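**Student:** sequence? don't have it. structure:
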């Protein structure tokens with residue numbers, strides 16, 4: 001029997017602030033294709049599920065003043081958004097690599113509606129990004145994020161101040177490692193595009209009367225599609241396997 005219904009609801013709401021902030025920015029859950037009501041239900045269900053584990057940590061804080069409680073709402077929401085954004089930065093890196101891939105193979109058609117977001121994307125880059133996020137869900141990346149979020153009550157104590165310096169360091173380290181990984185994954189396409197365009201430039205110098213660049217586009221696209229066919233599986237698998245080292249390290 002609940003002896004303090006008001007305190008229980010207030011404590012549950014504080015847990016909801018941290019988990020809801022994470023769901024707000026988490027890849028896949030924060031997609032424009034996911035209804036807002038569904039995100040709220042997911043965050044509420046997760047908050048209720050983990051509430052017994054965090055009861056002794058959260059419940060005593062509800063007896064403080066109103067001003068302190070408002071501060072707790074702000075700090076808890078900020079911590080949750082930070083954990084969600086760390087994972088979102090990594091998936092944005094995959095979108096960056098997919099854009100490089102599409103550009104290097106000559107697939108530069110006008111952008112169309114993205115599967116995940118409302119931003120315009122080429123069909124090839126949208127396909128690669130969607131495949132990467134799907135593999136992350138298959139490998140239960142959201143379980144890793146939610147477990148790290150629960151452990152954050154130890155690393156970032158409840159009711160304490162958010163250390164903005166360490167938060168910015170985590171963001172910059174994630175951006176740095178993500179950029180290195182995505183450049184490594186897209187490096188075959190960068191080398192392919194560079195070699196192909198340099199070769200076509202030499203050919204154009206040898207035969208300036210022939211519009212070589214217009215003739216070469218189908219060959220660039222054909223070679224790029226063959227390269228994608230042979231490397232897309234390794235690219236997506238390495239993207240998914242590197243998530244643990246990037247996220248858990250934060």
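**Tutor:** Everything's here; your move. All values derive from a computational prediction rather than experimental measurement.

**Student:** name the element the closest residue to residue 220 other than its chain neighbours belongs to?
**Tutor:** Leaving aside its chain neighbours, residue 220 sits nearest to residue 106 (4.1 Å; criterion: Cβ to Cβ, 6 or more residues apart in numbering). C-beta: built from backbone N, CA, C; applies to glycine. Assessed by DSSP states H and E, residue 106 sits outside every helix and strand.

**Student:** Isn't residue 106 up against residue 224?
**Tutor:** Yes: the pair residue 106 / residue 224 is scored as a contact, 6.2 Å apart, by Cβ atoms under 8 Å.

**Student:** what stretches of the protein score poorly on pLDDT?
**Tutor:** Applying pLDDT under 70 to the chain flags residues 1-4, 63-67, 110-115, 118, 159-161, 248-250.

**Student:** ranges for the strands of it?
**Tutor:** Secondary structure of the chain (DSSP state E): strands at 112-113, 120-121.

**Student:** how many other residues sit next to residue 214?
**Tutor:** The number of residues packed near residue 214 is 8, by other Cβ atoms under 10 Å.

**Student:** Distance-wise, check it relative to residue 107.
**Tutor:** Per Cβ to Cβ, to the nearest Å, residue 214 is found 16 Å from residue 107.

**Student:** and what of residue 207?
**Tutor:** Taken as Cβ to Cβ, the span from residue 207 to residue 107 is 26 Å.

**Student:** more neighbours, the two?
**Tutor:** Shown here are residue 207 and residue 107; by other Cβ under 10 Å, residue 107 has more neighbours (17 against 9).

**Student:** give the contact list for the nearest residue to that one once chain neighbours are set aside.
**Tutor:** Nearest non-adjacent residue to residue 107, counting by Cβ to Cβ, 6+ apart: residue 124, 4.8 Å away. Residues in contact with residue 124 (Cβ atoms under 8 Å, 6 or more residues apart in numbering) are 98, 101-102, 105, 107, 228.

**Student:** repeat for residue 231
**Tutor:** Per Cβ under 8 Å, 6+ apart, neighbours of residue 231: residue 188.

**Student:** Just list the residues touching residue 239, thanks.
**Tutor:** Residues in contact with residue 239 (Cβ under 8 Å, 6+ apart) are 94, 97, 132, 135, 181, 185.

**Student:** Against residue 198, how distant is the spatially most distant residue from the centre of the chain?
**Tutor:** Farthest-out residue of the chain from its mean C-alpha position, per Cα atoms, centre = their mean: residue 209, at 48.0 Å. To residue 198, residue 209 is 20 Å away according to Cβ to Cβ.

**Student:** and the longest helix that the chain contains, what other elements does it pack with?
**Tutor:** Identified as the longest helix of the chain according to DSSP state H is helix 164-206. If you count contacts as 3 or more Cβ pairs under 8 Å, 6 or more residues apart in numbering; DSSP states H and E, helix 164-206 packs onto helix 66-104, helix 212-241, helix 243-248.

**Student:** closest to residue 15 out of the ones you listed?
**Tutor:** Evaluated over the helices and strands packed on helix 164-206, closeness to residue 15 peaks at helix 66-104, with 8.0 Å, by Cβ to Cβ.

**Student:** The longest helix of the chain: how far from the chain's middle?
**Tutor:** Here helix 164-206 is found 18 Å from its chain centre; the criterion is Cα atoms, centre = their mean, to the nearest Å.

**Student:** With stretch 230-237 instead?
**Tutor:** 19 Å.

**Student:** how about it: buried residues?
**Tutor:** Neighbour-count burial for stretch 230-237 flags 235-236 (criterion: 16 or more other Cβ atoms under 10 Å).
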